[in-house]
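Asker: Structure of the sequence below:
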Amino acid sequence: MVMKWLAAGLAGFAVALVVVSSGVAAWLGWTWTIALESFVVTNGVMAISFGVCGGILAWHRSANPIGWLFLVGGLVQAVAASVPLFDAADRAGASASTMRVFATLFVYSWPWAIGLCIPLALLLFPDGRPVSRGWWPVVVLVVASAPLFVLEMGAEPKAVEDGGPIAYLTLAGYDRLGWLWTLAELRTGAAYLAAFVALVVRYRRGSEAIRHQLLWLLLAMVLVIAGNLAWGLVHGTPVTVLLAIPLIPVAITVAIVRHRLLDIRLVASRALTWLLLSLGVLLGYLAVVAVLDRFVSAQLGRSAVTTVLLVLVAAPLLPRLQRLVDRAVYGDRANPARVVSRLGAELSTTGTGLAGAVAAVRAALRLPYVGLERDGRVLAADGVRPSAVVAEELGYGGRPVGTLVVGLRSGERRLSDADGRVLLTLAAPLAVAVHAVTVSEELQRSRERIVEAREEERRRLRRELHDGLGPTLTGIAFAADAAANHVHEPERAEVLLTGLRRDARTALADVRRVVDDLRPPALDELGLLGALRQRADQLSWRADGAAIRVSLDVPDRVPTLPAAVEVAAYRIATEALTNVARHSGAERAVLRVHCDGVLEVSVTDDGPPTGPWRPGVGLRAMQDRAVELGGSFSAGPTADGGTVRATLPVAAA
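Answerer: Next comes the predicted model:
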C-alpha cells in the first residue's frame, strides 16, 4: 500500500507542478502562442499524461517497472514545463546563479523522458520483462547509453533563450565533439528501432491477449510516427503534432489495465490505412514537386497541377490499402469463397480432421477462438476461449449434429454481419465433417462391440465344449472300452452299455444346444415367419405368471432372405418379446413384420409408463445386430406403452 500512495504522490506532484506553471504563465500574461512556441504546452501535456498514466500503472501493477518509468518521465517533463517559473524568477530579480540552475534543470530534464523512459518502456512492454533473456543486454545498453543523449541535449554552451543565462554542466569543446553527438543520435534511433523490433517479436510469439495489447500500442505509434514524420520532413508543421507523443503512455496504460475496452482491431486497421495513405501522399507530393520544378513551366500553375495529380493518384489507393489492412486484421472474411476453399483443402488433403478445420477457420478469420462441440463435449478447438462467445448450431439431414462456438474479438458484443455471412457459408461443410466424424466414431464403437461379442461367443463355445461336451465324450469312450472288456460278462456289459446310451443322449443334447445358439433350428425348419409364431406362442406368460396376448401382424410370406438378416430379425424380435414378458407389465403385445426392399420388425406393448429406458445388454445387442447389417434401431417408451423397431436392408445384406 505504501508503494501505491508513493505512486499517487509522485503523479500528483507532476500534475501540480504543471498546474502551478500554467497559473504563473497566465499571471505573467503569456499568450497561447508564446506558451506553445516555448514548448510549455507540449511539455505540460506530456508531463500530465506520463504522470497520470504512471500513477495508474504503479497503483494497479506496482511490480511492473513501466509505471515507475512513466512517473519519472512525468516528473522530468513537468520540470521542463516550468519555464514560466523561470521567467517569473527572472522578472523578480533572481541572481544569475539561480537563473543558471533553472536553465540547467530545463535542459537536463526532458531528454530523460525521450531518451530513456519511452524506449525502455517499449522494450519492457507489457509485463515489465524483455521478450527473452537474450534481450537483457539490449535493455542494459539502452539504460547505460541514455546519459549520452542527455549530455548531447544539455551540454551545449548556449542560452536557453535569447539573452538568457547559460546552464551549468556545459562543455567548452562541444562543437569539436560532433562525432560523439552523431553517435548519440544514432544511439537514440537504434533504441527506438530495437523497441520496435521487440514489439514485433512479441506480437509473433504472443497469445491473443498479448496481440490485443500490442494493437493499442501500435495505434499510438502510428499516430506518433505520422506526427513526427510531418514535423521532421514538412517545413511549417505546427508544434502541436508533438502532442501525439502522450498517446504512447495512454495506449500502454489502457493495454495493460483495460486492453478489452473496445475492438482495437478496427481502430488500428483504419489508423494504419490512413498512415500508409498519408505516407504515400507525402512521398508522392515530394516526387511530383521535384518533377514539376524541373519540367513544368510556371504558366501551368505548379501547385494546381500537383494537387490534381495527387488526388488522381491517392483516390484509388485508399480502398486497396484498406483491403490489405483489413485482410491482415480480419483475415479473409471479405472473401467467403477463399475461406471455404481453405476449409475444403484442410479437410480433404491434410488429414488433420476437425482440429485442422477449426484451425483453418480461426486463421482465415483471425478469430481468438473457434471450437466444435457436441452434447457438451469439445470435439476440436483452436485458440484461447474468451468470455464472450457465439454458438451456432450445425445441422445435417434435418437433425442437429453439433455446435460451432466462435469467440468474439476483444470489444465486440456480437458477431459482425461480415463474420456471420462467412460462418453461415461454412456451416454446411462443417456439419458434414462433424457428421462424418460422428458416424466414424459410432462405426468404430460398433466394430469394437462386435469384436468383443465375437470373442465372448468364442469363449462361451470353448467353455461349453470343454466343460460340457468334452467330459461327456471322454466318459463315453471309457464306457465303450469297459464294455468291450466285459463282452463275455453279459450282465456287466449291459450295465455299461446302458450308461453309454445315456451319456450319448446327453452329448447329443449338448451338441443340439450349442448348434441352436449358433443359428436357431426353427429358422431352417419353419422359416422366419413360422419361427416367430412359435416363439410368440412360447412367450405368452409374464414373469409374474399373468398372461400376455401376443398377436402377429405379418404377411403370408416373405421373399428369400439372407441368413444374416433372418437371424438378426429373429433375435431382435425374440429379445424384444422376452423383455416385454420380463419387464413391461403389459397385457398385450403386437409383433409386426413388413418387407418391401427392407425388412421392418417391430414389437409394441401396452405396458404402463416407466420413464426413459436405460440401455442394457439386451437393447445394446439388438442395436448392434441392426447396425452391423447397415440398418437402424430405435427403442423407447410411448404414450401407450413401449416400442422396439428395427429396419434391416435386405439388398445390402
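
Asker: When you work out contacts or count neighbours from here on, use the C-alpha atoms and nothing else.
Answerer: OK.

Asker: would you list every one of the strands in the stretch 451-600 of the chain?
Answerer: For the stretch 451-600 of the chain, applying DSSP state E, counting those that start in this stretch gives strands covering 549-553, 588-595, 598-605.

Asker: Give me the helices and strands touching the first one, please.
Answerer: The one in question is strand 549-553. Applying 3 or more CA pairs under 8 Å, 6 or more residues apart in numbering; DSSP states H and E, we find strand 549-553 packed against helix 521-538, strand 588-595.

Asker: These: which one's closest to Ser109?
Answerer: strand 588-595 (96.8 Å; CA to CA).

Asker: Between strand 598-605 and that closest one, find me the angle.
Answerer: Counting by axes from the mean of the first three to the mean of the last three CA atoms, to 10 degrees, strand 588-595 lies at 180 degrees to strand 598-605.

Asker: Mean pLDDT lowest where, among the helices and strands packed on strand 549-553?
Answerer: Lowest mean pLDDT within these: helix 521-538, a mean of 82.

Asker: That helix: how far from the chain's middle?
Answerer: Relative to the chain's own centre, helix 521-538 is displaced by 59 Å; criterion: CA atoms, centre = their mean, to the nearest Å.

Asker: same question, stretch 425-438
Answerer: For stretch 425-438 - counting by CA atoms, centre = their mean - the centre lies 19 Å from the chain centre.

Asker: got the end-to-end distance for stretch 126-138?
Answerer: 17 Å (CA to CA, to the nearest Å).

Asker: For that stretch, give the mean pLDDT please.
Answerer: If you average the pLDDT over stretch 126-138, you get 89.

Asker: got it, and stretch 86-97?
Answerer: 85.

Asker: right, so the helices and strands packed on strand 549-553: which one is the most enclosed?
Answerer: Of all the helices and strands packed on strand 549-553, strand 588-595 carries the top mean neighbour count, a mean of 19, counting by mean count of other CA atoms under 10 Å.

Asker: Minimum distance to Trp27: which of the helices and strands packed on strand 549-553 has it?
Answerer: Nearest to Trp27, of the helices and strands packed on strand 549-553 and by CA to CA, is strand 588-595 at 105.1 Å.

Asker: Next, the angle strand 549-553 makes with that closest one.
Answerer: Using the same axes, to 10 degrees: strand 588-595 against strand 549-553 is 20 degrees.

Asker: related to what we said a few turns ago, export the helices and strands packed on strand 549-553 to JSON lines and append columns for distance to Met99.
Answerer: Formatted as JSON lines, the helices and strands packed on strand 549-553 follow (distance: least, CA to CA, whole Å):
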{"stretch": "helix 521-538", "distance to Met99": "117"}
{"stretch": "strand 588-595", "distance to Met99": "111"}
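
Asker: re the thing from before, would you turn the strands of the stretch 451-600 of the chain into CSV with distance to Arg535?
Answerer: As requested, the strands of the stretch 451-600 of the chain are exported to CSV (distance: least, CA to CA, whole Å):
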stretch, distance to Arg535
strand 549-553, 10
strand 588-595, 11
strand 598-605, 13
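
Asker: quick one: which of those is nearest Tyr369?
Answerer: Between the strands of the stretch 451-600 of the chain, strand 598-605 lies closest to Tyr369; by CA to CA that is 45.4 Å.

Asker: buried ones in the closest one?
Answerer: Buried positions in strand 598-605, judged by neighbour count with 16 or more other CA atoms under 10 Å: 599-605.

Asker: Report all helices and strands that the following helix or strand past that strand contacts.
Answerer: Following strand 598-605 in sequence order, the next helix or strand is helix 617-627 (DSSP states H and E). If you count contacts as 3+ CA pairs under 8 Å, 6+ apart, helix 617-627 packs onto helix 417-463, helix 563-579, strand 632-638, strand 641-649.

Asker: export those to JSON lines and tack on mean pLDDT and mean neighbour count?
Answerer: Shown next, in JSON lines, are the helices and strands packed on helix 617-627 (pLDDT from 0 to 100; neighbours: other CA atoms under 10 Å):
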{"stretch": "helix 417-463", "mean pLDDT": "76", "mean neighbour count": "15"}
{"stretch": "helix 563-579", "mean pLDDT": "85", "mean neighbour count": "20"}
{"stretch": "strand 632-638", "mean pLDDT": "86", "mean neighbour count": "18"}
{"stretch": "strand 641-649", "mean pLDDT": "88", "mean neighbour count": "21"}
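
Asker: now those as TSV including distance to Arg362?
Answerer: Formatted as TSV, the helices and strands packed on helix 617-627 follow (distance: least, CA to CA, whole Å):
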stretch	distance to Arg362
helix 417-463	11
helix 563-579	46
strand 632-638	37
strand 641-649	41
